[in-house]
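1. Below is the sequence, then the predicted model.
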Amino acid sequence: MLLVGLGASAGGVAALEDFFEYLPQANPEMAFVVVTHLSPEHESNLASIIQRHTNLPVIQVKEAVPVEPARVYVIPPGKQLSMKDGYIQLVDLQGMRSERAPIDLFFRTLAETHGDEAAAVVLSGTGSDGSVGLPRIKEMGGVTLVQDPEEAEYNQMPKNAIATGLVDQILPVAQMGNWLVTYRENKSKVILADNEEPDKSDSASIEAEEDLEKVPSRGDPLVEILAFLKVRTGHNFSLYKRSTLNRRIERRLQVNNIPSLPIYQDFLTSHPAEVEALMRDLLISVTNFFRDKEVWDFIETRIIPGLFVGKDSPESAVRVWVAGCATGEEAYTLAILLHEYASKLTLPPRLQIFASDLNESAINIAREGSYPETIALDVSPERLRQYFTYTDHRYRVRKQIRETILFANHDLLKDPPFSRLDLISCRNLLIYLNKEAQQQTLTVFHFALRPERYLVLGTSESADNASQLFTSFDKKNHIYTSRVVPTFSRPVPVLAPIERTDGLTQKEVEPAELVSFPTNHKENVILSPEFINNIMEVYAPPGIIVDDKFDIIHISNQAGRYLQFRDGLTSVNLPKVIHPDLRLEMSSGLYNAQRGNSNETRRIRIELDGVSRWVRLIFRPINQPPALAGYILIIFDEINQNLDFDPTITESKAGTDGNDQVSREKESENATYIRQLQQETEVLKSQLNGTTEQYAASIEELRASNEELKASNEELQSINEEMRSATEELETSREELQAVNEELITVNQELKIKVEEVSHSNSDLQNLILSTDIATIFLNRQLVIKRYTPKVERIFNIIPSDLNRPLAHLTHHLNYSDKNFHEDIDKVLRDLTPITREVNTTDDNWYLLRILPYRTLEDRIDGVVLTFLEITERKRSEEALRESEERYRALVSQATAGVARVDLEGNLQFANQKMHEILGFVSEEIMGKSLLELFSPKMWI
């Protein structure tokens, strides 16, 4: 059964009416759950409104109910809905209005319980509710639909859902029902072969992989599709599990109504948009803040404090890598936790967080750091206030957190890893890779981690298959620590495996995991990468590697002294952090190197630690491997000060063969020249002293100005803090008002529909009143006239302006005293028992008066109703009949013959006086008796 969750807010009532109006009525294999933003202070008529547009039973959920096919379940006011064990559960409202996201809550639980049998539909509404839960539906294999924003009355919710990049169809509401029915039919028909999933959600999940050796190579449409994907996108999915690939591609067939894989292969080659859609489905870039809260609680309390041990100065750094970061929520979660702990320290170390993913679109979202307002489901109000700014229904991570993270487009199985890390988080990625790729990835992680540092995996992942590299730190939360491997046997990971497109497997060349060279010994001496790195650090010149944006990618230990970080600055852009004395030459050299030219600078004098040094910068562009194209190596070539030459050139003494006269003249000229120089020097000294005094005065003035500016700055900071607090309060109030407004819009739509119903009812009642011949008056409990029919004007002296006047103020034509009339009305109000009387008017018309209590639909007495049914003709007929009866009786009683009347059974009903005499009985004795008993046998002869 396909369970469809429909989320709507402002403007959603009309959209829901259209959805069910156009929904095909035969839906035995589908059920629907409607979740909207309802005001807890108002009753909701949504269920009755929807019921008018569908023949499916519509049920407002009032308690936990099992989901049955061909039913529509509607959220009640004052509650939220969730799914658990096939039941729709009621969830109490929590937090402020602005923090509630009932649609996201239901979509998430729907995905967890129904997986690929779930569908999420986002309709008209303001805000971004649904944008966080919708990706979870997609992650679990469900289908996602969004109302066309051009059609929606309020398009913010549809636009925010589309912005996730995880929407399968954008449709007008009238087409959604037919599309879902077609999708459901395709789902049961389109099933790819070998789709069994052997994965188990336990520690053996890495080993539980199908035998890839049995996968065919050429002629397999799946292989051809992957080869085509690699050509078009550059991404190689051949290391994914076949079951994962089948499941994702099967879903694309169902969404596009395509019956087989070969047809889909042709469809893929002719529809470029489908290539992107398939790649998004395969990459599955879905996550959220603090996902699996118990895991993050453990990391916060047990892992993070250990990362800071021994790092008690700004020169040290805590280095973290979030691999497969998707849209960045997990990376920012880690950054927040690290920042919270670091803020408690007197001298905290620097935070260096690397976050990478294969999906470039997801990385761009992560860099922006802007998320739907419904992340309030996952992030506490305190953290939202401290680490996010709120604008246009979205939360954006503050700059101080964003700048601690370097986001990069990165392929784990091909690109070089980051190094010297304290923690790696790679959650819910390994489960999609085959065993070979899992082993390779774990090798990369071990190489990147410092010894006995932490690896965090997903709840369905394990590193037990690489027990030689990792040991379990906490089995429940799937956290491992890197083992200490002997220095001369630590493996170097294979970063760029040989790729093949002739099958789903990759038999790579055995990795040259260890570097070796022959010696005179019988066995080779093995040199590990760590040993080589240590040698290079001691004997090689300092160096830095930057990317094409001049951001630092790698830095050797000795190169750090050429960098200067200002307080609070977290930029890793080399021109911004290089020593000021080197900045000009650095910018020029990087520019030339970026154009592919190796170059070096002149000797530059620089002050380091109070010592003058000479250094030359050497720039070398990196062209191999291709993954590093655009990177630049900068070498700091220090020049020994003892090798500096003396720029003073000494002249050889003049020959002794010159004459003394010439020598004396030259000496005289030299003396004169020296005196002139001395005089000029004195003048310059005087000018210098004056300038120095002016400079000192300027310094004092500048110092005073700085003090004033400092004081002003402190005042401005204080004002800014007050403004920030006021702004946050106003923002909170605005969010609350926005949430209330959304609820009121929904209430208003329901009331509008109700008013239309009441208007129709009033029209029907008005026509009934005008067409009826019964005079009727409606009175409230105070006997004030609320409504009457035109026939009343024949009985009471009443005009339309008498509405809302007491009945006692009117005169009437009834031969019925006012006292008795009002006593009867009061009695009906008191006893709630109707009273019926026949009354006539002064013009001799008769009416059957009925006084009844006025009951509302809630069975509440709200007045009385007086009806006057005209019976004048009946009364006149009764009078004529009475007179005729009297004449008949007089005639019969005076007759000389005996007259009797009997019924069909022969029993006597009437007898005149003569008959009494004949029978010899009085009237009381013979009435009702049989004539056979009254007449003697002799009388019958």
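-> The structure has been received and is ready for your questions.
2. Please report the number of neighbouring residues for N257.
-> Neighbours of N257 under the rule other C-beta atoms under 10 Å: 13. Placement of C-beta: from N, CA and C, glycine included.
3. hang on, it packs against W179?
-> No - using C-beta atoms under 8 Å as the test, N257 is too far from W179 to be in contact (9.2 Å).
4. Which neighbours do the two have in common?
-> Residues touching both N257 and W179 by C-beta atoms under 8 Å, 6 or more residues apart in numbering: none at all.
5. Verify the assumption that T459 is located in a helix.
-> No - per DSSP: H, G, I helix; E, B strand; the rest coil, T459 lies outside any helix segment and is coil.
6. Of all the helices and strands in this protein, which has the lowest average confidence?
-> strand 515-517 (a mean of 35; mean pLDDT, DSSP states H and E).
7. Just the buried residues of stretch 451-470, please?
-> Buried residues in stretch 451-470, counted by 16 or more other C-beta atoms under 10 Å: 453-458, 460-466, 469-470.
8. Now for these: which two are most distant?
-> Pairwise distances across the buried residues of stretch 451-470 (C-beta to C-beta) peak at 22.8 Å, for the pair R453 and S460.
9. show me where pLDDT drops low in the stretch 701-850 of the chain?
-> 718, 721-722, 724-729, 731-740, 742-743, 746-747, 750, 769-770 (pLDDT under 70).
10. Kindly report the domain assignment for the protein.
-> 2-189, 215-283, 293-487, 540-643, 771-874, 895-940 (automatic domain parsing).
11. Any chance of those domains in a markdown table with distance to S698 as columns?
-> As requested, the domains of the chain are exported to a markdown table (distance: least, C-beta to C-beta, whole Å):
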| stretch | distance to S698 |
| --- | --- |
| domain 2-189 | 54 |
| domain 215-283 | 60 |
| domain 293-487 | 34 |
| domain 540-643 | 22 |
| domain 771-874 | 87 |
| domain 895-940 | 138 |
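12. mind listing what S482 touches?
-> S482 neighbours (C-beta under 8 Å, 6+ apart): 445-446, 449-455, 469-470.
13. In helices, which of these appear?
-> Using DSSP state H, the members of those that fall in helices are 445-446.
14. Present the contacts of S482 as a markdown table; the columns should include distance to D831 and pLDDT.
-> Below are the contacts of S482 laid out as a markdown table (distance: C-beta to C-beta, whole Å; pLDDT from 0 to 100):
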| residue | distance to D831 | pLDDT |
| --- | --- | --- |
| F445 | 87 | 92 |
| H446 | 91 | 90 |
| L449 | 89 | 91 |
| R450 | 91 | 90 |
| P451 | 93 | 90 |
| E452 | 90 | 91 |
| R453 | 87 | 93 |
| Y454 | 82 | 94 |
| L455 | 83 | 95 |
| L469 | 91 | 89 |
| F470 | 87 | 92 |
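15. Name the residues of the helix or strand containing L384 that are buried.
-> Using DSSP states H and E, L384 falls within helix 381-387. Neighbour counts over helix 381-387 (16+ other C-beta under 10 Å) mark 383-385, 387 as buried.
16. Likewise for stretch 911-927?
-> Using 16+ other C-beta under 10 Å as the test for burial, stretch 911-927 gives 911-912, 914-916, 918-919, 921, 926.
17. Looking at these, which is nearest R302?
-> Nearest to R302 among these: I926, at 112.9 Å, using C-beta to C-beta.
18. residues in contact with that closest one?
-> Counting by C-beta under 8 Å, 6+ apart, I926 makes contact with 908, 911, 916, 919, 934.
19. repeat for H809
-> Counted by C-beta under 8 Å, 6+ apart, H809 has contacts D802.
20. mind pulling up the phi and psi values for L90?
-> Dihedral pair for L90: phi -90, psi 140, per degrees, to the nearest 10.
21. One more: T144?
-> phi -130, psi 130.
22. can you check the one 10 residues further on too?
-> For Y154, the backbone dihedrals are phi -120, psi 120 (criterion: degrees, to the nearest 10).
23. Next, work out how far apart it and H37 are.
-> 11 Å (C-beta to C-beta, to the nearest Å).
24. which neighbours do the two share?
-> Common contact partners of Y154 and H37 (C-beta under 8 Å, 6+ apart): 9-10, 125.
25. Quick one, which of those residues are buried?
-> 9-10, 125.
26. could those go into CSV alongside pLDDT, distance to K414 and secondary structure?
-> Formatted as CSV, the buried ones among the shared contacts of Y154 and H37 follow (pLDDT from 0 to 100; distance: C-beta to C-beta, whole Å; DSSP: H, G, I helix; E, B strand; the rest coil):
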residue, pLDDT, distance to K414, secondary structure
S9, 87, 44, coil
A10, 81, 47, coil
G125, 88, 42, coil
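27. Go through the residues you listed and say which is closest to E838.
-> So of the buried ones among the shared contacts of Y154 and H37, ranked by how close each gets to E838 (C-beta to C-beta), first place is A10, at 59.0 Å.
28. my read: that closest one touches G125, true?
-> Yes - judged on C-beta under 8 Å, A10 makes contact with G125 at a distance of 5.4 Å.
29. Tell me which of the contacts of I926 fall in strands.
-> Among these, DSSP state E puts 908, 911 in strands.
30. Would you format the contacts of I926 as CSV with distance to N845 and pLDDT included?
-> Listed next are these as CSV, based on distance: C-beta to C-beta, whole Å; pLDDT from 0 to 100:
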residue, distance to N845, pLDDT
L908, 41, 78
A911, 40, 77
H916, 43, 73
L919, 47, 71
L934, 47, 68
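31. Can I get the contacts of I926 in JSON lines including distance to A31?
-> What follows is those, written out as JSON lines (distance: C-beta to C-beta, whole Å):
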{"residue": "L908", "distance to A31": "75"}
{"residue": "A911", "distance to A31": "79"}
{"residue": "H916", "distance to A31": "84"}
{"residue": "L919", "distance to A31": "84"}
{"residue": "L934", "distance to A31": "80"}
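32. From the contacts of I926, pick the one nearest V33.
-> L908 (77.5 Å).
33. State the distance from that closest one to A120.
-> Applying C-beta to C-beta to L908 and A120 gives a distance of 87 Å.
34. How about Y87?
-> For Y87, the distance to A120 - C-beta to C-beta - is 19 Å.
35. Over to F821?
-> The spacing between F821 and A120, counted by C-beta to C-beta, is 66 Å.
36. okay, those two: which has more neighbours?
-> Neighbour comparison, F821 and A120: the larger count goes to A120, with 30 against 19 (by other C-beta under 10 Å).
37. Show me the contact partners of the strand or helix carrying the more buried one.
-> If you go by DSSP H and E, A120 is part of strand 118-122. For strand 118-122, contacts defined as C-beta under 8 Å, 6+ apart pick out 2-8, 19, 103, 107, 110-111, 130-131, 133-134, 137, 140, 142-147, 157-158, 161, 176, 180, 183.
38. quick one, strands of the stretch 251-400 of the chain?
-> Using DSSP state E, counting those that start in this stretch, the strands of the stretch 251-400 of the chain run over 317-323, 350-357, 370-372, 388-391, 394-397.
39. right, so of those strands, which gets closest to L406?
-> Using C-beta to C-beta, those put strand 350-357 closest to L406, at 5.2 Å.
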